[in-house]
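> Quick check, what structure comes out for this input:
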Amino acid sequence: MDGTRDAVRGTVEAAGSGRRGPVVAALMLAMALAALDSTIVSTAVPQIVGDLGGFSVFSWLFSGYLLAVTVTLPVYGKLSDTFGRKPVLVVGAVLFLLGSLLCAVAWNMAALIAFRVVQGLGGGALQGTVQTLAADLYPLKERPRIQARLSTVWALSAVAGPGIGGVLASYADWRWIFLVNLPVGTVALWLIVRHLHEPRRGGDAPRARVDWAGALAVFACGGVLLTALVQGGVAWPWLSAPSLALFGTGSALLAAVVVIERRAADPIMPGWVWRRPTIAAVNLALGALGLLMVAPTVFLPTYAQSVLGLAPVAAGFVLSVWTLSWPVSAALSQHVYRRIGFRDTALLGIGTASLILSAFPFLPYPGAAWQPALLMLLLGAALGLFQLPLIVGVQSTVGWAERGTATASVLFCRQTGQTVGAAVFGAIANGVLAARLGSGDLDSVTRALDPGTASESARHAIADAVDAVYLGAAGAAAVAFLVLLTLAPRRFPVLAE
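As a prediction, the model looks like this:
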């Protein structure tokens, strides 16, 4: 414990001696890299497929990256608690830059997908460790400021990513989408190496063993189960042999994870993450957040184009407005949770979000673009009140030696929720479309994406499908509300600093 307290004290003192500014700049650049990479590739897919081929598997450009990020989050969280934040962040940045360089020289779609996985292995370290370091560098009363900055970077990058990708693909070459990461990432890496100095921890105490068996088991289990969720109902039917084989293998690996982690002296996925009511409740609530976020991010652009008849750029704007209100609301949330606490602030946010999501099916058909845009603006404000207080609250209930693991666990649950949400809501949407269109006329749905050739029945079917998805998202928000209300303590057990 003395070593842990010394580590925390040393980090804050180093930050106050003039090093915090460059380190924060490095964190913001790293966050921008991770956020841009999740959106910048999307608009260049036609050019990539035209050059490399492989249309039937191009979705793995996104799925492979997502899988690698998700399954490595808990591993990197534990490693950062064991070895420190700096080495994990440096290794993650190097892997991300190496993956970017390899993607730029990919010779076919299989190679590009493999190199995107390498990028994801680095992206997992960037996402989790940046959030953890932000809590290390700032005391509780100042954490909302740095978290709001990171949220703003993420929001601006998410909005700018598709536009940058489209410009590079149209006027340069799609390979520049990956090459632009190199100068930005190199600056971030240099700032980290030069200015981030972590003190020695624990004196002469022996360093904890790394649970490599647990790390491999978690990676394999997560990879198999997430692959089953991503590909099920898309590459093959849910009840087909590949799906059943993947789910069966994943279940066996999950049992192996439980056995290995129970026997490990210092497990990658420690039991205290789920035994502590505060962290367990936040994990479940943020898993529900990841699930409900699928409704707007995946289905709203299709709704805007096919039902409202908007062009792709205008449809993107309808979605992007929530990235304007989310960071503003997150930055202001500190004034709320200092009065009523972390849990009640999050309850206020997610309760409001549930009502907003429930209102979507009541929009007029076909309606005007400002109506869903207004709902998205309000939804962003509600979710800003929900997510940030929970992350700051959890980080404030643990010491330095547990903060990386705790932060990674909540991010892992949010990422997993998004993967599950894509599968669940995709199945809901497909079911509604099949019911409305009789035999599941996919050609009419495809034509509905072009307002000039869309049939009225297909537009109505898509509107009904998206309405059903939003009602499902409202249900996920209600589940998050009930989880926090029943499992989370009214006052989080914040540690004295």
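> Checking residue 198 next. Helix, strand or coil?
Assigned with DSSP: H, G, I helix; E, B strand; the rest coil, residue 198 falls in the coil class.
> same thing with residue 491?
At residue 491 the chain is in coil, as set by three-state DSSP.
> how close does it get to residue 226?
From residue 491 across to residue 226, the span is 35 Å (Cβ to Cβ, to the nearest Å). For every residue, glycine as well, the C-beta is placed using N, CA and C.
> Check residue 418 too.
For residue 418, the distance to residue 226 equals 10 Å [Cβ to Cβ].
> Between those two, which contacts overlap?
Common neighbours of residue 418 and residue 226 are listed as residue 66 (criterion: Cβ atoms under 8 Å, 6 or more residues apart in numbering).
> And for residue 89, the neighbour number?
For residue 89, the count of nearby residues is 28 (other Cβ atoms under 10 Å).
> Tell me how far it lies from residue 125.
With distances taken as Cβ to Cβ, residue 89 is found 6 Å from residue 125.
> One more: residue 344?
From residue 344 to residue 125 the distance is 34 Å (Cβ to Cβ).
> neighbour-wise, which of the two wins?
Of the pair residue 344 and residue 125, residue 125 is the one with more neighbours under other Cβ under 10 Å, namely 31 against 18.
> wait, that one sits on residue 85?
No: the criterion here is Cβ atoms under 8 Å, and residue 125 misses it with residue 85 at 9.9 Å.
> How is this structure divided into domains?
1-197, 211-265, 270-497 (automatic domain parsing).
> With mean pLDDT added, can I get those in TSV?
Listed next are the domains of the chain as TSV, based on pLDDT from 0 to 100:
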stretch	mean pLDDT
domain 1-197	78
domain 211-265	83
domain 270-497	84
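> Which neighbouring elements make contact with the longest helix along the chain?
Of all the segments of type helix in the chain, defined by DSSP state H, the longest one is helix 400-436. Contacts of helix 400-436 with other secondary structure elements, assessed using 3 or more Cβ pairs under 8 Å, 6 or more residues apart in numbering; DSSP states H and E, are made with helix 2-14, helix 60-83, helix 109-137, helix 212-231, helix 272-275, helix 277-294, helix 370-395, helix 456-487.
> Now these in a markdown table, please, with extra columns for distance to residue 303.
Putting the helices and strands packed on helix 400-436 into a markdown table (distance: least, Cβ to Cβ, whole Å) gives the following:
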| stretch | distance to residue 303 |
| --- | --- |
| helix 2-14 | 46 |
| helix 60-83 | 20 |
| helix 109-137 | 28 |
| helix 212-231 | 22 |
| helix 272-275 | 37 |
| helix 277-294 | 13 |
| helix 370-395 | 7 |
| helix 456-487 | 4 |
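> Just give me the residue right at the centre of this structure.
Geometric centre of the chain, nearest residue: residue 415, 4.7 Å, by Cα atoms, centre = their mean.
> Confirm for me that residue 488 is in contact with residue 282.
Yes: in this structure, residue 488 sits in contact with residue 282. The criterion is Cβ under 8 Å, and the distance is 7.0 Å.
> These two: which has the busier surroundings?
Under the neighbour definition other Cβ under 10 Å, residue 488 and residue 282 were set side by side, and residue 282 has more, 32 against 25.
> quick one, phi psi at residue 341?
Listed backbone geometry of residue 341 is phi 100, psi 160, with angles given as degrees, to the nearest 10.
> Once you drop chain neighbours, what's closest to it?
The shortest distance from residue 341 to any non-neighbouring residue, by Cβ to Cβ, 6 or more residues apart in numbering, is to residue 491 (5.5 Å).
> what do you get for residue 152?
Once its chain neighbours are removed from consideration, residue 152 has its nearest residue in residue 327; the separation is 4.2 Å (Cβ to Cβ, 6+ apart).
> so that neighbour, which of the three states?
Residue 327 carries the three-state label helix when classified by three-state DSSP.
> ok, how many other residues are close to it?
Close neighbours of residue 327, defined as other Cβ under 10 Å, add up to 22.
> cool, and residue 466?
Around residue 466 there are 28 other residues, counting by other Cβ under 10 Å.
> Can you give me the distance of it to residue 91?
Between residue 466 and residue 91 the computed distance is 41 Å (Cβ to Cβ).
> cool, and residue 405?
In this view, residue 405 and residue 91 are 17 Å apart by Cβ to Cβ.
> Those two: which is more packed in?
Neighbours per residue (other Cβ under 10 Å) separate residue 405 from residue 91, with residue 405 holding more: 26 against 17.
> got the contact list for that one?
74, 77-78, 81, 270, 273 are the contacts of residue 405 under Cβ under 8 Å, 6+ apart.
> I'd like the residues you listed as TSV, with neighbour count and distance to residue 140 appended.
Putting those into TSV (neighbours: other Cβ atoms under 10 Å; distance: Cβ to Cβ, whole Å) gives the following:
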residue	neighbour count	distance to residue 140
74	28	24
77	31	20
78	27	23
81	27	19
270	20	23
273	23	21
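> and the residues you listed, which two are the farthest apart?
Maximum pairwise distance among the contacts of residue 405 (Cβ to Cβ): 11.8 Å, between 81 and 273.
> My read is that the residue nearest to the centre of the chain contacts residue 290, right?
Yes: under the criterion of Cβ under 8 Å, residue 415 makes contact with residue 290 at 6.2 Å.
> Skipping adjacent residues, who's closest to residue 210 in space?
Nearest in space to residue 210, with sequence neighbours left out and distances taken as Cβ to Cβ, 6+ apart, is residue 82 at 6.0 Å.
> How much space separates that neighbour from residue 285?
27 Å.
> If you count surrounding residues, which of these two has more?
Remark: of residue 82 and residue 285, residue 285 carries more neighbours, 29 against 20, as counted by other Cβ under 10 Å.
> Please report how far that one lies from residue 495.
Spatial separation of residue 285 from residue 495 under the definition Cβ to Cβ is 21 Å.
> what's the answer for residue 425, then?
To residue 495, residue 425 is 38 Å away according to Cβ to Cβ.
> Looking at those two now, which is surrounded by more residues?
residue 425 (24 against 12).
> Report the contact partners of that one.
294-295, 298-299, 469, 472-473.
> thinking again about what came up before, so for residue 491 and residue 226, which sits in the more crowded spot?
When residue 491 and residue 226 are compared on other Cβ under 10 Å, the one with more neighbours turns out to be residue 226, at 23 against 12.
> residues in contact with that one?
Counting by Cβ under 8 Å, 6+ apart, residue 226 touches 66-67, 70-71, 416, 419.
> Try it again at 10 Å.
Residue 226 makes contacts with 63, 66-68, 70-71, 246, 250, 415-416, 419-420, 423, as judged by Cβ atoms under 10 Å, 6 or more residues apart in numbering.
> could you dump those residues to TSV with distance to residue 262?
Supplementary listing: these in TSV, determined by distance: Cβ to Cβ, whole Å:
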residue	distance to residue 262
63	31
66	29
67	26
68	26
70	23
71	20
246	25
250	19
415	24
416	21
419	26
420	25
423	29
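> Out of those, flag the one nearest to residue 387.
For the contacts of residue 226, the minimum distance to residue 387 (Cβ to Cβ) is 13.2 Å, reached by residue 415.
> returning to that earlier point: contacting residues around the residue nearest to residue 152?
With contact set as Cβ under 10 Å, 6+ apart, residue 327 has these partners: 147-156, 380, 384, 388.
> Most neighbours among those residues, which one?
Using other Cβ under 10 Å as the neighbour test, those are led by residue 388, with 29 neighbours.
> Name the nearest residue to that one, sequence neighbours excluded.
Of all residues beyond its chain neighbours, the one nearest residue 388 is residue 330 (4.1 Å), with distances taken as Cβ to Cβ, 6+ apart.
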